[in-house]
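Participant: Pasting the sequence and the predicted coordinates here, then a few questions.
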Amino acid sequence: MATLTLKELRKQFTPEVVPVKNITLTVEDGEFLTLLGPSGCGKSTLLRLIAGLEQPTAGTVWVGEQNLNAVNPGDRNMAMVFQSYALYPHMTVADNISTSLKLRQVPPAEITQRVRTVADKLDISHLLGRKPRSLSGGQRQRVALARALVRKPDVFLLDEPLSNLDALLREQVRGELKQLFESQNRPVVYVTHDQIEAMTLSSKVAVLLDGLVQQLDPPSRIYTHPANKFVAGFVGSPQMNLLTLDCQGKVAKLGHCEIPLPPLAQVPKLIDLGIRPEALSVKGSEVSDQELVIGGKVFLSENFGRETLVSLRVEGSQDVIRALIPPDQTWNPEYTKLVVPFSSLHWFDAETGDRL
């Protein structure tokens, strides 16, 4: 068993290109850490630094008590699953899975037993004699996973392994991955730009932007308490409503609404308000004094089947609010009132973007 630790890890290609900027984090045994962020945020470079495929400009990579900076990639005992699967086309499935064991001169009988065990676990035993060209995308993905699992590595590294699968297959394999790695009791580092994968698979999520960790927390806290405006807008589908409002006294102005500000040492001129679409509902007959009512005209509705996403232009302003409305609620497109609990409001500094 081992803990993966990154200390002040930095990668600089040129003075202007620094994809990883002094990142420090720890992944314990059995933890599933997802590196989440948009393209170019540094997540794949960070994974390559862990694997040893890139050398850090500064900082260190540790597994347990061992500093791996001078250890070659092949000697780090890490298993990596690539987006492209990277299977050998001329080899059978069994040979693809067992390649790493043969290179380590594991006895043939043990190789056969370990390949059979992992193939049974991934339900690909019937494919062991076939070659990659005769497999579907989902089957190739399972073979790539089997090749990683059979090694019994110290750390698992997965680089967007589901991105080449169609939507239905991605959902199926995602569920299988969660069950599979829960039983491994090894550190797992998973790279994706798909927030659904991050939220459903992870025990921790590191949200990255411009080579920096914006927030490192369990998925539930990433969703309920985003550290800044970027995290708030990036995590959640549909995207969180983010509005820049004027402050007057101890209230923020949204159209004709006056919204009490949170306790602040100094009231700013502008403040950013975040409201998740799913936190809004159509106003009922009664409204609590702990709820905010927002009225306006619905100019767009999008039917998602189980709910409808409505876009409302706030009365008295040009601001737009989007709300997810369940099928048992109806609205008047000419004028609808939406209600949201004050406890569901998120406040951010308009200059820094930090959570207030």
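Facilitator: Everything's here; your move.

Participant: and whichever strand or helix holds residue 22, what does it pack onto?
Facilitator: In the assignment (DSSP states H and E), residue 22 maps to strand 20-27. On a contact count with 3 or more CB pairs under 8 Å, 6 or more residues apart in numbering; DSSP states H and E, strand 20-27 meets strand 4-11, helix 43-51, strand 58-63, strand 212-217. Every residue, glycine included, has its C-beta placed from N, CA and C.

Participant: if we compare those, which one ends up closest to residue 145?
Facilitator: Set against residue 145 and scored by CB to CB, the helices and strands packed on strand 20-27 come closest in helix 43-51, at 16.3 Å.

Participant: Show me what that closest one is packed up against.
Facilitator: Packing partners of helix 43-51 (3+ CB pairs under 8 Å, 6+ apart): strand 4-11, strand 20-27, strand 32-36, strand 78-81, strand 155-159, strand 188-192.

Participant: what lines up beside the fifth one in the sheet?
Facilitator: Strand pairing for strand 155-159, using DSSP bridges, gives strand 78-81 (parallel), strand 188-192 (parallel).

Participant: returning to that earlier point: got the contact list for the strand holding residue 22?
Facilitator: Here strand 20-27 makes contact (CB atoms under 8 Å, 6 or more residues apart in numbering) with 3-11, 33, 42, 45-46, 49, 56, 58-59, 155, 187-189, 204, 206, 210-213, 216.

Participant: Drop anything exposed from the residues you listed.
Facilitator: Using 16 or more other CB atoms under 10 Å as the burial test, those include 3-7, 9-11, 33, 42, 45-46, 49, 56, 59, 155, 187-189, 204, 206, 211, 213, 216 as buried.

Participant: So which other helices or strands are in contact with the strand ranked longest in the chain?
Facilitator: Ranked by residue count and defined by DSSP state E, the top strand of the chain is strand 291-303. Strand 291-303 is packed against strand 257-260, strand 308-314, strand 336-341, with contacts defined by 3+ CB pairs under 8 Å, 6+ apart.

Participant: could I get these as TSV with distance to residue 86, mean pLDDT and mean neighbour count?
Facilitator: Listed next are the helices and strands packed on strand 291-303 as TSV, based on distance: least, CB to CB, whole Å; pLDDT from 0 to 100; neighbours: other CB atoms under 10 Å:
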stretch	distance to residue 86	mean pLDDT	mean neighbour count
strand 257-260	52	93	16
strand 308-314	39	96	19
strand 336-341	47	94	19
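
Participant: and residue 148, which of these is closest to it?
Facilitator: Judging the helices and strands packed on strand 291-303 by CB to CB, what sits closest to residue 148 is strand 308-314, at 38.6 Å.
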